[in-house]
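Trainee: sharing a model prediction with you, sequence too.
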Amino acid sequence: MSYNTNQQWFKEAKYGLFVHFGLYSILEGAYKGTVTSGLAEWIQHSLNIDRDEYASLLNLFDPVQLDIDTLVKRAKDWGMKYVVFTSKHHEGFSLFDTRFDDFNVMKTPYGKDIIMDVSKACKKYGLRFGIYYSQAQDWHDKNGLWSGKQTDDFHEYYLRKCLPQIRELLTNYGKVDLLWLDTPISMSFDECQNLYRYVKSIQPECIISGRIGHDLGDYMTTTDNYIPRLTFDGDFEVPCTLNDTWGYSKYDKNFKSADAIIGLLLKIVNRGGNYLLNIGPDHLGSIPDEAITILDKVAEYVNRNKEAIFDTFGLPYYPYDIEWGEMTAKRNHLYLHVLRNKRSLDIQNIANKVKRAYIVENKKELAFLQTLSCEGYGEISIDIPKEFHAQKFCIALEYDEELPIFEQIRDKKTS
Ligand code: GLC
């Protein structure tokens with residue numbers, strides 16, 4: 001049986017915003033002069049920072065520039081369909097008001113429930129609302145898991161903090177569309193299955209990420225930043241960084257270009273998945289300028305070509321890597337995303353009977369020629385109008401068949 005969320009919104013969504021924010025954001029990638037070479041949100045673990053010392057960051061948490069409303073509105077403008085916000089990362093600090101642990105945002109100078117703001121903003125802008133929750137790792141709690149170390153009694157933690165906090169998250173913030181669990185480590189099958197049923201008993205429609213453990217999630221979550229090479233049969237999502245870390249680090253300026261992000265988005269969409277792309281606000285809660293600039297640029301392409309990105313499905317196997325861009329598809333349509341400057345385009349090894357070709361962003365009809373290549377493969381040639389010679393854009397091919405029909409490369413004749 002393949003992964004199936006049974007939620008149409010998730011199948012159509014394709015593009016979401018991940019936000020990593022917590023006490024680690026205050027450290028911005030370094031502690032007492034040592035820069036972590038690992039992920040910024042793992043700094044406590046990587047630099048083995050004493051638990052109580054780390055916990056004193058609580059008194060410094062005051063992200064006065066955090067503006068959730070604007071951030072969620074931005075996500076919408078960027079073309080994204082859902083938001084997943086960290087409510088408690090491995091450090092154990094809760095960004096929401098909780099009765100089950102004092103190590104939470106209400107005890108900081110900031111003193112406001114951040115998850116409440118996220119839920120309100122998602123509702124306001126019509127985005128789906130997702131909550132990240134580290135269900136197993138909790139480096140603040142004596143019985144929470146800490147990867148690579150032994151914990152006395154995880155089950156005690158599971159009953160005392162994990163389940164009750166998840167209940168709070170699923171009862172105090174209205175409809176939760178997605179619960180993003182992560183790093184189950186040594187959780188038992190029974191604990192994971194029980195957690196799954198618990199979530200569904202409170203909010204039956206809430207989708208559970210692939211990282212609940214024992215492959216019990218509603219969809220497949222890939223390894224961070226890894227894209228399945230071929231179309232994956234079933235619902236899936238690729239969680240990705242914009243630079244190299246999730247939580248903010250002022251030492252990580254290794255941002256991918258807007259062009260690279262567009263390419264990755266289309267590749268994931270081509271394989272049938274969703275792209276969950278991360279930003280990490282800094283210690284004041286501001287979104288790094290680089291992230292905004294990149295996502296604004298990506299949005300220019302995404303918003304002009306929505307038809308070819310959202311509510312699409314994974315493509316059948318095409319035998320070539322293509323040098324000019326990427327392909328996506330939906331019923332009766334193949335979309336050719338032309339990402340390099342081209343003056344004409346040949347698309348090879350396609351056997352559909354094409355009825356119509358048009359430019360997605362303005363619906364202008366394009367003349368095309370459907371022939372056989374010199375080697376006898378199906379070929380479509382399109383002249384590209386001048387105004388698109390030096391611009392990324394997308395061409396739709398329309399045909400009667402539901403799916404694109406790609407011809408495989410023939411093998412050598414033997415007789
Ligand atoms: C990893 C990391 C974590 C990050 C997550 C995002 O599992 O532990 O820091 O939150 O991936 O996908």
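Mentor: Yes, it's here.
Trainee: which strand residues bridge the residue nearest the centre of the chain?
Mentor: With the centre of the chain defined as its mean C-alpha position, the nearest residue by C-alpha atoms, centre = their mean is residue 276, 0.7 Å away. On the basis of DSSP bridges, residue 276 is bridged to residue 16, residue 239.
Trainee: residue 347: neighbour count?
Mentor: In terms of burial, residue 347 registers 23 neighbours under the definition other C-beta atoms under 10 Å. In short, each C-beta sits where N, CA and C put it, glycine included.
Trainee: ditto for residue 355
Mentor: Around residue 355 there are 11 other residues, counting by other C-beta under 10 Å.
Trainee: what helix or strand is the spatially closest residue to it that is not a sequence neighbour on?
Mentor: The spatially closest residue to residue 355, leaving aside those adjacent along the chain, is residue 398, at 5.3 Å (C-beta to C-beta, 6 or more residues apart in numbering). With secondary structure defined by DSSP states H and E, residue 398 is part of strand 393-399.
Trainee: residues in contact with that strand?
Mentor: Strand 393-399 is contacted by residues 304-305, 307-308, 332-338, 345, 347, 350, 352-361, 366, 368, 380, 382 when judged by C-beta atoms under 8 Å, 6 or more residues apart in numbering.
Trainee: put the alpha carbons of that strand into CSV.
Mentor: The C-alpha atoms that make up strand 393-399 are tabulated as CSV, following Å, rounded to 0.1, in the frame of the first residue of the first chain:
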residue,chain,number,x,y,z
PHE,A,393,8.7,30.8,-19.0
CYS,A,394,6.5,27.8,-19.4
ILE,A,395,4.8,26.1,-22.4
ALA,A,396,1.8,23.9,-22.1
LEU,A,397,1.1,21.0,-24.5
GLU,A,398,-2.5,19.8,-24.6
TYR,A,399,-3.6,16.4,-25.8
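Trainee: that one: how far from the chain's middle?
Mentor: For strand 393-399, the distance from its own C-alpha centre to the chain's C-alpha centre is 26 Å (C-alpha atoms, centre = their mean, to the nearest Å).
Trainee: give the partner strands of that strand in its sheet and their orientations.
Mentor: Counting by DSSP bridges, the strands paired with strand 393-399 are strand 333-338 (antiparallel), strand 354-359 (antiparallel).
Trainee: of all the residues in the last one, which ones are buried?
Mentor: For strand 354-359, the buried set under the neighbour-count rule, 16 or more other C-beta atoms under 10 Å, comprises 354, 357-359.
Trainee: can you give me the buried ones in the following helix or strand past that strand?
Mentor: The first helix or strand that comes after strand 354-359 along the chain, using DSSP H and E, is strand 368-372. Residues of strand 368-372 classed as buried under the neighbour-count rule (16+ other C-beta under 10 Å) are 368, 370.
Trainee: returning to that earlier point: of the buried residues of strand 354-359, closest to the ligand?
Mentor: Distance from the ligand was checked for each of the buried residues of strand 354-359 by C-beta to the nearest ligand atom. The minimum falls on residue 359, at 36.1 Å.
Trainee: adding distance to residue 72 and mean pLDDT, write the strands paired with strand 393-399 out as TSV.
Mentor: Formatted as TSV, the entries for the strands paired with strand 393-399 read as follows, by distance: least, C-beta to C-beta, whole Å; pLDDT from 0 to 100:
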stretch	distance to residue 72	mean pLDDT
strand 333-338	27	98
strand 354-359	31	98
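Trainee: now the helices for this protein?
Mentor: Chain-ordered helices for the chain, with DSSP state H as the definition, fall at 8-13, 24-27, 43-46, 51-55, 68-77, 114-125, 154-157, 163-171, 189-202, 258-271, 289-304.
Trainee: what's the angle between the last one and strand 393-399?
Mentor: Between the axis of helix 289-304 and that of strand 393-399 there is an angle of 30 degrees, by axes from the mean of the first three to the mean of the last three C-alpha atoms, to 10 degrees.
Trainee: buried sites along helix 289-304?
Mentor: When neighbours are counted by 16+ other C-beta under 10 Å, the buried residues of helix 289-304 are found to be 291, 294-295, 297-299, 301-302, 304.
Trainee: out of the residues you listed, what pair is the most spread apart?
Mentor: Longest distance between any two of the buried residues of helix 289-304 is 20.9 Å, between 291 and 304; criterion C-beta to C-beta.
Trainee: OK, contacts around residue 260?
Mentor: By C-beta under 8 Å, 6+ apart, the contact list for residue 260 is empty.
Trainee: do you know how far it is from residue 297?
Mentor: From residue 260 across to residue 297, the span is 11 Å (C-beta to C-beta, to the nearest Å).
Trainee: what residues does the chain have near the ligand?
Mentor: 20, 39, 41-42, 182-183, 224, 239, 246 (C-beta under 6 Å from any ligand atom).
Trainee: which one of the residues you listed sits closest to the ligand?
Mentor: When these are compared for distance to the ligand (C-beta to the nearest ligand atom), residue 239 comes out closest, at 3.7 Å.
Trainee: that closest one reaches residue 274, doesn't it?
Mentor: No - under the criterion of C-beta atoms under 8 Å, residue 239 is not in contact with residue 274, lying 9.5 Å apart.
Trainee: residue contacts, residue 319?
Mentor: 349, 406-409.
Trainee: pLDDT value on it, please?
Mentor: We note a pLDDT of 97 for residue 319 in this prediction.
Trainee: for residue 365, list the residues it contacts.
Mentor: The neighbours of residue 365, taking C-beta under 8 Å, 6+ apart as the test, are 356-358.
Trainee: let's see that with 7 Å instead.
Mentor: 356, 358 (C-beta atoms under 7 Å, 6 or more residues apart in numbering).
Trainee: next one: it relative to the ligand, how far apart?
Mentor: When distances are taken as C-beta to the nearest ligand atom, to the nearest Å, residue 365 and the ligand turn out to be 43 Å apart.
Trainee: hey, what's that residue bridged with?
Mentor: When assigned by DSSP bridges, residue 365 has beta-bridge partners residue 358.
Trainee: in JSON lines: the helices of the chain, plus mean pLDDT.
Mentor: Listed next are those as JSON lines, based on pLDDT from 0 to 100:
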{"stretch": "helix 8-13", "mean pLDDT": "98"}
{"stretch": "helix 24-27", "mean pLDDT": "98"}
{"stretch": "helix 43-46", "mean pLDDT": "98"}
{"stretch": "helix 51-55", "mean pLDDT": "97"}
{"stretch": "helix 68-77", "mean pLDDT": "98"}
{"stretch": "helix 114-125", "mean pLDDT": "98"}
{"stretch": "helix 154-157", "mean pLDDT": "97"}
{"stretch": "helix 163-171", "mean pLDDT": "98"}
{"stretch": "helix 189-202", "mean pLDDT": "98"}
{"stretch": "helix 258-271", "mean pLDDT": "98"}
{"stretch": "helix 289-304", "mean pLDDT": "98"}
